[in-house]
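>>> Task: produce atomic coordinates for the following.
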Amino acid sequence: MTESAKPVLASAVTADEASASSAGQQRGCASLATPSRQLARIHSIEDFRESARRALPRMVFDFIDGGAGSESTVRENRAAFERIRLVPSGPVDVSARMPRIGLFGREQALPIVIGPIGLASAFWPDGEIALARAATRHGIPFVLSNGTSIPTGKVMRAAEGRKWFQLYVPPDEGLLDKWLDQIDGEGYDVLEVTVDTAVPGRRLRDVRNGFSMPLRWTPAKVLDVALHPRWMFDMLRNGAPKPVMWEEAAASRPAATVSERNLSAISPRLDWHTVERLRARWPHALVIKGLADPRQASRALAAGVDGLVVSNHGGRQLDGAIAALDILPEIVDVVGGRIPVLVDSGVRSGSDVLKALALGASAVQIGRAAVYALATAGEAGVDRALSILREELDQAMALCGVRACSEVTRDHVRLAPWLSAEIRA
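Okay, the predicted model is just below:
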């Protein structure tokens, strides 16, 4: 939201009070509910999604909820988890269960990482700090996005434990070196390099909503914002979030959508030579995010990376791409246990986490699940979402006869019976 939009929004409040429909007023009132009241009604990540849909203006909700093209990849990510079924197992003494894992030389309380979320403060004031604090409380890492709207040092000071940073490689090598020196000096010790954004995905919800940079205001957008007063007043009080690092790298020309503007700051020349340069330059753990081709896994090993995140960017890049969970076992087999392999794209429950572990993942990264919670109730919402995932994972472990994440194998899952029958036919 630009500074010039503030008086427009202020006048829109009066217009809303005078002429908004009763349904619109109910949505606005719901968005002003206190976090504790909202959280009392939240029992799953899907509940958080619905709450976020009510709390955010449509263009903001669609920015995080939507995907590329027809969004077939978004749907396929969820369908992949539905195709996999857990195998309950008993009797097993599961009176003591331990979801802790080791990752890159350190222990963490859950096999979950909050993945990078660009412009998190567009969903809740100081959103990056809220995510970092909630992650610290639950003993898991938070990956600060290169698209952060809060300076990296400020986020670092807000949290404890391991600090991860996600990097989009900029076209300017001098700027890349500057960023690496900055985050190294601030204490970030895991660098997660995203490699699946050579060109921007065409996200039709953003196109249809006119969610561009800079934002072009229309009466419909002003009214939509006015019908979400909590979000509107938060933005008026705190100012529009801006990607502080991308501003250094992005071209000054306007872009059709937010994703196109952001990705103008990313080099399309990123290849394995660039990764090797990063490996030589970065003294800590180096992770590649966005790998979905098993043929590239061998190159990653040869380049000396310390870990992989199997991902299709949550379906936000290539419409029609294979689900990350479906390709995970092939990449795990290529890696052969030499480095950790994480997976994201579609994780919505503790059972999903267990399914991913059974297919060879060392841990999962969550994105939208954390954003829905953040938009609902800020830090308290993220805390509640992580508690839900922890409880669901613990229950799934107990019912599958699993006492530790290290015990989970492919024997704990099967392809859905109706799909197995189709394959045999």
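
>>> Leaving out sequence neighbours, find the closest residue to Arg216.
Distance criterion Cβ to Cβ, 6 or more residues apart in numbering; nearest residue to Arg216, sequence neighbours excluded, is Gly210 at 6.0 Å. Any C-beta I mention is one placed from the backbone N, CA and C, and that applies to glycine too.

>>> How many neighbouring residues does the closest residue in space to Pro91 that isn't next to it in sequence have?
Spatial nearest neighbour of Pro91, excluding adjacent residues (Cβ to Cβ, 6+ apart): Gly401 at 8.0 Å. The tally of other residues near Gly401 (other Cβ atoms under 10 Å) stands at 16.

>>> Backbone dihedrals for Gly401, please?
Per-residue torsions, Gly401: phi 70, psi 30 (degrees, to the nearest 10).

>>> Verify the stated contact: it with Leu86.
No. Using Cβ atoms under 8 Å, Gly401 is not in contact with Leu86, being 10.6 Å away.

>>> can you list the weak-confidence ranges in the stretch 151-300 of the chain?
For the stretch 151-300 of the chain, residues meeting the criterion pLDDT under 70 lie at 161, 213-215, 250-264.

>>> could you pull out the helices for it?
Ranges of helices in the stretch 151-300 of the chain, per DSSP state H, counting those that start in this stretch, are 152-158, 173-185, 204-209, 219-226, 229-238, 246-249, 258-263, 272-281, 294-303.

>>> Now render those helices as CSV, adding distance to Arg338 and mean neighbour count.
Output for the helices of the stretch 151-300 of the chain, formatted as CSV (distance: least, Cβ to Cβ, whole Å; neighbours: other Cβ atoms under 10 Å):
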stretch, distance to Arg338, mean neighbour count
helix 152-158, 30, 17
helix 173-185, 25, 15
helix 204-209, 39, 18
helix 219-226, 50, 18
helix 229-238, 45, 18
helix 246-249, 33, 17
helix 258-263, 32, 21
helix 272-281, 15, 15
helix 294-303, 6, 16
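
>>> I'd like those helices as JSON lines, with distance to Leu318 appended.
Formatted as JSON lines, these follow (distance: least, Cβ to Cβ, whole Å):
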{"stretch": "helix 152-158", "distance to Leu318": "29"}
{"stretch": "helix 173-185", "distance to Leu318": "25"}
{"stretch": "helix 204-209", "distance to Leu318": "14"}
{"stretch": "helix 219-226", "distance to Leu318": "29"}
{"stretch": "helix 229-238", "distance to Leu318": "30"}
{"stretch": "helix 246-249", "distance to Leu318": "22"}
{"stretch": "helix 258-263", "distance to Leu318": "13"}
{"stretch": "helix 272-281", "distance to Leu318": "20"}
{"stretch": "helix 294-303", "distance to Leu318": "15"}
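
>>> Figure out which of those helices is closest to Val408.
Among those, helix 294-303 comes nearest to Val408, with 21.0 Å by Cβ to Cβ.
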